[in-house]
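Novice: sequence below, structure please.
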Amino acid sequence: MASEHDILARLPEAPAPEPDAREAAIATALERFEEKNFPRGQGNAHDLRLTQQTASANSPSRRSSLMPRARQLIAASLVVLMAGSATWLYVNETSLVPTSNQIVFETSDKSRQDQIGATQANVSPPPVVQSPSPQSPLPQGGLSQAPGQGPLSQAQSGQGYAPFAPSQDFRPPPPANRAEGGTNKPKAESRTGQTSEPNIVMRDRLAQPVAPAARVAPAEQFAGGRIAPAPEQPGTPGEPVGRDKFPSATENAFKIVREAPVSTFSIDVDTASYSFTRASLNRSVLPQPAAVRVEELINYFPYAYPAPASASEPFHTTVAVFPSPWSEGRKIVQIGIKGYAVQPATRPRANLVFLIDTSGSMNAPNRLPLVKQSLALLVDQLEAKDRVAIVTYAGHAGTALEPTAASEKAKILGVIERLDAHGSTAGAEGIRQAYKLAEQNFDPDGVNRVILATDGDFNVGITDKNELKGFIERQRGKGIFLSILGFGMGNYNDALMQALAQNGNGAAAYIDTLNEARKVLVDEATSTLIPIAKDVKIQAEFNPATVAEYRLIGYETRLLNRDDFNNDKVDAGDVGSGQTVTALYEIVPVGGPRVVGDLRYSQPSGAAGTTAPAAAANEYAFVKIRYKLPKSDVSTLISTPVDRASEHPRFEEAPTEARFATSVAAFGEILRGGRYTGSFTYDDVLRIASAARGDDQFGYRNEFIQLVRSAKTASAMRALRP
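Specialist: Model (predicted):
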């Protein structure tokens, strides 16, 4: 069998190619390519033609034109191929999601994002498709509309997109006119007030959002060909957590009457603890025990106690004794005080200085913006005879408004509205300047008061609490009082606010909502601003013949020594116009379930040598109240016995106000751990409070019932945590 080599050897020699064969083959191939891709009748006189219609296939003129035109075609093809490849790579690296008047990029590879940002000025954008008309349905996945006209884009809603705003450095080309009736659309006005081209969108796959797993936080954004940090949303910085500060005080324990028969404390009309507790529960979080001051929870509510007849004796005292609802055999002693209500027509002029914290820590919706709204409510309550000045402090302190008549409300409100938050917190310097301004415009016949609105986060200048207290005490002696409005959560310095308010003869309130601001500064404006008595102290002496033990519920931060009661140099709390104050004692009658056992060598009750007035067998205690009128430095004493005539044999028969106050006290005790309330539950609190709701003009008591339910839920959630 012949091999392949033998067969090839017998084949004839291949003929030599004709001189024009190669060019003729190329010409024929190009002619067929031309006829296929450039049919006759399409195009115009300027179309690039590879052949001459009148020249023959072998004519020298045609052959001379073929090679240059072929080179042009090959070069054009290479350019198109390279541009298409670059576009394909770009599209596969970047997803394009449009928003109103902007283009939004999302990149899963940060290094690729850096490359794009570094070369943005030198690289042309990929081909894009004109956006649909406004009537066309928008693709799902996050096209935003103009503000107020539709749902937010995913970039605006914080779902991981970073905005890219067209600028002079990078602007997509305008859509061209099209033969199918298309025209250039009018330019739309951008957020900066300049005109820009209509939205550019990528349809189909590019318009769909990237899966959440592939998204990255919008930490960077393109701007003018550079990568810049994305700006924070105004007014929405993350609040600090766990930096709140509260006074540390041990819960009052039972005391043996034979050893310590006298209990002395300063009254307290602050309500900050209740509002802070409410703010925590509204977040489904139980407040920390130190944040719960039971007396402030109780005194948050007005009580329908009988009112005094005149301002000369500004208090009327109400007492009641009834069984404890959480411990059988014990009793509750209620002491209620009602202050004289000053009539609006006779109230004195007010010389007010608003001291407003404008530091960076106040940059949150529940801080400086709420301060502005709150003070605006107060300004609206003032009369033409009142005067207002404004001092602000951040890194430095300064006067924002000199003393101005309250009749110029527009001017005052304008200054308040223009405030913004930034910098550190030179609170002590702000306090100094505010008092200086109040002293310069002191009204001897009016009320001179500094109203401090802050979160208490002082971090510049004098930050020591004792130094600040000393300064405020000296100003109090000059007749200038201090009230505190607290704001914010997470770094709220309640301990400092309480100390300043107590030493400044003022009250401390915590503003967590606009409704709370309305309560403090509108509904209770006269009691907030106008004091009817100062340095008010209470002293209860318990009768060892009828009472074995007692404990004061709350007031841990207001306790005084026994000898402080008669000392007019010792400062105590103030009471405002029409305010009520309630104090509760839990007592163990003689023969009842004792908490503290007798000592071996102690003298039992009723033993020889003890003396008591004849009426002592009918009394549980004797209550004394000492106070000063606002312009006096000498105190006045009033007293009331707590006897069996005030006793109610069953809890359900006790006065409505007393039963509701007891339910609030039980709620606070449970939040603090329930050391003395035993097995008493939130459901028991709800049962008592619902039955003793009474007259609830402003809905405060109904809100309390809802808070108890919130505490039940928050407590259950805490129990479910690992």
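
Novice: how near is V536 to N505?
Specialist: Distance from V536 to N505, counting by CB to CB, to the nearest Å: 11 Å. Yep, even glycine has a C-beta here, placed from its N, CA and C like the rest.

Novice: identify the contacts common to the two.
Specialist: Counting by CB atoms under 8 Å, 6 or more residues apart in numbering, the contacts common to V536 and N505 are D574.

Novice: and V590, what does it touch?
Specialist: 544-548, 605.

Novice: just send those back as TSV, with neighbour count too.
Specialist: Below are those laid out as TSV (neighbours: other CB atoms under 10 Å):
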residue	neighbour count
P544	20
A545	17
T546	22
V547	25
A548	23
S605	18
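
Novice: out of those, which is nearest to Y303?
Specialist: Nearest to Y303 among the contacts of V590, counting by CB to CB, is V547 at 24.4 Å.

Novice: test my guess that I256 contacts R551.
Specialist: No - the criterion here is CB atoms under 8 Å, and I256 misses it with R551 at 10.8 Å.

Novice: neighbour count: those two, which is higher?
Specialist: Using other CB atoms under 10 Å, the more surrounded residue of I256 and R551 is I256, with 22 against 18.

Novice: for F622, see how far away that one is.
Specialist: For I256, the distance to F622 equals 18 Å [CB to CB].

Novice: ok, now S407?
Specialist: Distance of S407 to F622, computed by CB to CB: 51 Å.

Novice: out of these two, which sits in the more crowded spot?
Specialist: Neighbour totals were compared for S407 and F622, and F622 leads with 20 against 14 (other CB under 10 Å).

Novice: for that one, give me its contacts.
Specialist: For F622, the contact set (CB under 8 Å, 6+ apart) comprises 540-541, 543, 639-642.

Novice: give the bridge partners for it, please.
Specialist: Per DSSP bridges, the residues bridged to F622 are E541, P641.

Novice: tell me which helix or strand of this structure sits lowest on mean pLDDT?
Specialist: strand 220-223 (a mean of 31; mean pLDDT, DSSP states H and E).

Novice: and the strands in the stretch 501-650 of the chain?
Specialist: 508-510, 531-542, 547-552, 573-576, 580-589, 619-628, 636-643 (DSSP state E, counting those that start in this stretch).

Novice: could you say what helices and strands the longest one packs with?
Specialist: Contact analysis of strand 531-542 by 3 or more CB pairs under 8 Å, 6 or more residues apart in numbering; DSSP states H and E lists strand 262-266, strand 331-339, strand 573-576, strand 580-589, strand 619-628 as its packing neighbours.

Novice: and if we set it to 6 Å?
Specialist: Contacts defined by 3 or more CB pairs under 6 Å, 6 or more residues apart in numbering; DSSP states H and E place strand 531-542 against strand 262-266, strand 573-576, strand 619-628.

Novice: run the angle between it and strand 580-589 for me.
Specialist: If you take axes from the mean of the first three to the mean of the last three CA atoms, to 10 degrees, strand 531-542 sits at 0 degrees to strand 580-589.

Novice: ok, residues contacting strand 531-542?
Specialist: Contacting residues not belonging to strand 531-542 are listed as 257, 261-267, 314, 339-340, 505, 550, 565, 572-577, 621-628, 630 [CB atoms under 6 Å, 6 or more residues apart in numbering].

Novice: next one: stretch 262-269
Specialist: The contact list for stretch 262-269, computed with CB under 6 Å, 6+ apart, reads 295, 299, 507, 536-541, 552, 555, 558-560, 562, 565, 572-573, 579, 581.

Novice: taking the residues you listed, please make a ChimeraX selection of just the buried ones.
Specialist: Selection command for ChimeraX covering only the buried members of the contacts of stretch 262-269, criterion 16 or more other CB atoms under 10 Å:
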select :295,299,507,536,537,538,539,540,541,552,555,558,560,565,572,573,579,581
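
Novice: which stretches of the stretch 301-450 of the chain form helices?
Specialist: Ranges of helices in the stretch 301-450 of the chain, per DSSP state H, counting those that start in this stretch, are 368-381, 409-417, 427-440.

Novice: which of the residues in the shortest one are buried?
Specialist: Burial within helix 409-417, assessed by neighbour count using 16+ other CB under 10 Å, is assigned to 409, 412, 415-416.
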